[in-house]
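Student: any chance you could fold what I've pasted below:
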Amino acid sequence: MNKNSQNWALLGTVIFTLAALVAPLYSTIEYDWVSQATGELAGRQNMNSWIMRAGLVGLGFCFFIDALQDKKGLKRDWPFALFGLAMIGAGIYRRTSVEAGVFIEEPLANGHGWFFIASTLFLLLGLVMHILLGACKKQKIAALATVIALVSCTYAAFTIPEFVGVFDRIAYCAVFIWVLVNPRVPYGNGLDHFTVSQH
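Tutor: Got it, this is the predicted structure:
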């Protein structure tokens, strides 16, 4: 993530947030935000799933563009490009419905689950890259705090499934806060020793 592409990341968070807030209001299925994940609003059984699916695709597209803005920074941010593609996949793939409680019990039983797991792994990898290759101390600390929040929420969601919706939203909030407060420091001195040659 870099200074010049800041608007892309912010745009993605806004699109997803709006979709997550609006989708439950127009859901054609009974939905409980406490016990059900956000992704369940994108399931085939919801006739208005396009709202949440648009949010997922919008978030993924914006993160993908964001990661590609700085060629030098891509050495650190390439996992975010893959995260973006995985989120797009999670938004457009709905061959199997994501039914209430099914995802947390059988997370890989449907296409959406596969893409979601992939996006989570790529997101964590991207944050770890920022911890290791961040251009400044604040960037490293912000990434570390977000990783801790994501890992904690993921573990909690699988151990206390009745509150998966709560942990799901906390995890998203942690990422969005990171996007907002993350110092937009471009690829620089903190990464120079990883560059083969300097010109």
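
Student: use CA for all of it now, contacts and neighbours both
Tutor: Noted.

Student: helices of the protein, start to end?
Tutor: Taking DSSP state H to define them, one finds helices in the chain at 6-22, 50-68, 74-92, 102-105, 111-133, 137-159, 164-181.

Student: just the buried residues of the last one, please?
Tutor: Read it as helix 164-181. For helix 164-181, a neighbour-count test (16 or more other Cα atoms under 10 Å) marks 164-176, 178-179 as buried.

Student: before we move on, the earlier item: out of the helices of the chain, the one nearest Glu30 is which?
Tutor: Smallest distance to Glu30 across the helices of the chain (Cα to Cα): 13.8 Å, for helix 164-181.

Student: so which elements touch the closest one?
Tutor: Helices and strands touching helix 164-181, by 3 or more Cα pairs under 8 Å, 6 or more residues apart in numbering; DSSP states H and E, are helix 6-22, helix 137-159.

Student: columns mean pLDDT and mean neighbour count on top of the ones you listed, output as CSV?
Tutor: Shown next, in CSV, are those (pLDDT from 0 to 100; neighbours: other Cα atoms under 10 Å):
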stretch, mean pLDDT, mean neighbour count
helix 6-22, 89, 18
helix 137-159, 91, 17
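
Student: save those helices as JSON lines, and put in distance to Thr38 too.
Tutor: Listed next are those as JSON lines, based on distance: least, Cα to Cα, whole Å:
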{"stretch": "helix 6-22", "distance to Thr38": "7"}
{"stretch": "helix 137-159", "distance to Thr38": "13"}
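
Student: quick one on the thing from earlier: for the buried residues of helix 164-181, which one is nearest Gln139?
Tutor: Trp178 (9.4 Å).

Student: so where's this structure shaky on pLDDT?
Tutor: Applying pLDDT under 70 to the chain picks out residues 1-6, 70-73, 94-112, 135, 183-199.

Student: turn the helices of the chain into TSV, including distance to Leu41.
Tutor: Formatted as TSV, the helices of the chain follow (distance: least, Cα to Cα, whole Å):
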stretch	distance to Leu41
helix 6-22	9
helix 50-68	6
helix 74-92	10
helix 102-105	12
helix 111-133	11
helix 137-159	17
helix 164-181	11
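
Student: burial count for Trp50?
Tutor: Trp50 has 18 neighbouring residues, counting by other Cα atoms under 10 Å.
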